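Asker: Predicted coordinates and the sequence they were generated for:
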Amino acid sequence: MTTERNFIPLAIAVLTISDTRTEDNDTSGKMLVSHLSAAGHRLCDKQIVRDDVYQIRATVSRWIADENVSVILTTGGTGVTGRDGTPEAIKVLFDKEISGFGEMFRMLSFDSIKTSTLQSRAVAGVANGTYIFCMPGSPSACTTAWDSLICAQLDYRTRPCNLVELMPRLRER
């Protein structure tokens, strides 16, 4: 007998990492907010920081320490240029890396951008019970990551398993 599960809305923070984006032209950040809201989750904070390892790490560290934040979505800074520092800023904060996220993201991206997907250093992990997904800065990359990977894993109804059922903060309720 299969029992139906109820959707559990999560508190999600969105961080855009860019030297050029503002609230007016932050297409990827706005798109992530739209997608998470449409899925039934709640935006608990949204910020834009320069592509600076210490600014990125400071913002994400505050959210990791906040027991009201369950998930962090970042966009930008995952390429290979001199200023791209998101993986270096975030990976040291992980308790565990979810290597399958980056692997699957690049596999899915290959269909649309072919070998350019090699330049993506998309990563994900968990720190202090908070799940963190670092995506490239393009809206199409964020859409691929959200629609094909993240959305289902942040839905408690997804079977056979999902990340929500592993969140210690939710299990303690």
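Answerer: Right, received. Where do you want to start?
Asker: what about this protein, any weak spots by pLDDT?
Answerer: 1-2, 169-173 (pLDDT under 70).
Asker: quick one, strands of it?
Answerer: All strands of the chain, identified by DSSP state E, fall at 11-17, 42-49, 71-75, 96-97, 123-127, 130-135.
Asker: which other helices and strands contact the fourth one?
Answerer: In other words, strand 96-97. strand 123-127 (3 or more C-beta pairs under 8 Å, 6 or more residues apart in numbering; DSSP states H and E). Placement of C-beta: from N, CA and C, glycine included.
Asker: now the strand it packs on against strand 71-75, angle please.
Answerer: Orientation check (axes from the mean of the first three to the mean of the last three C-alpha atoms, to 10 degrees): strand 123-127 against strand 71-75 gives 150 degrees.
Asker: what's the angle between strand 123-127 and strand 130-135?
Answerer: Angle of strand 123-127 versus strand 130-135, following the same axes, to 10 degrees, is 170 degrees.
Asker: Same list (the strands of the chain) but as JSON lines, adding mean neighbour count and distance to Trp63.
Answerer: What follows is those, written out as JSON lines (neighbours: other C-beta atoms under 10 Å; distance: least, C-beta to C-beta, whole Å):
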{"stretch": "strand 11-17", "mean neighbour count": "25", "distance to Trp63": "5"}
{"stretch": "strand 42-49", "mean neighbour count": "17", "distance to Trp63": "7"}
{"stretch": "strand 71-75", "mean neighbour count": "28", "distance to Trp63": "5"}
{"stretch": "strand 96-97", "mean neighbour count": "12", "distance to Trp63": "17"}
{"stretch": "strand 123-127", "mean neighbour count": "22", "distance to Trp63": "9"}
{"stretch": "strand 130-135", "mean neighbour count": "27", "distance to Trp63": "7"}
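Asker: Dump those into CSV; add distance to Gly82 as well.
Answerer: Output for the strands of the chain, formatted as CSV (distance: least, C-beta to C-beta, whole Å):
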stretch, distance to Gly82
strand 11-17, 14
strand 42-49, 17
strand 71-75, 19
strand 96-97, 24
strand 123-127, 19
strand 130-135, 18
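Asker: Asp84: which of those is closest?
Answerer: The closest of the strands of the chain to Asp84 is strand 11-17. By C-beta to C-beta, the value is 8.7 Å.
Asker: Give the pairing partners of that closest one; include direction for each.
Answerer: Strand 11-17 pairs in its sheet with strand 42-49 (parallel), strand 71-75 (parallel), by DSSP bridges.
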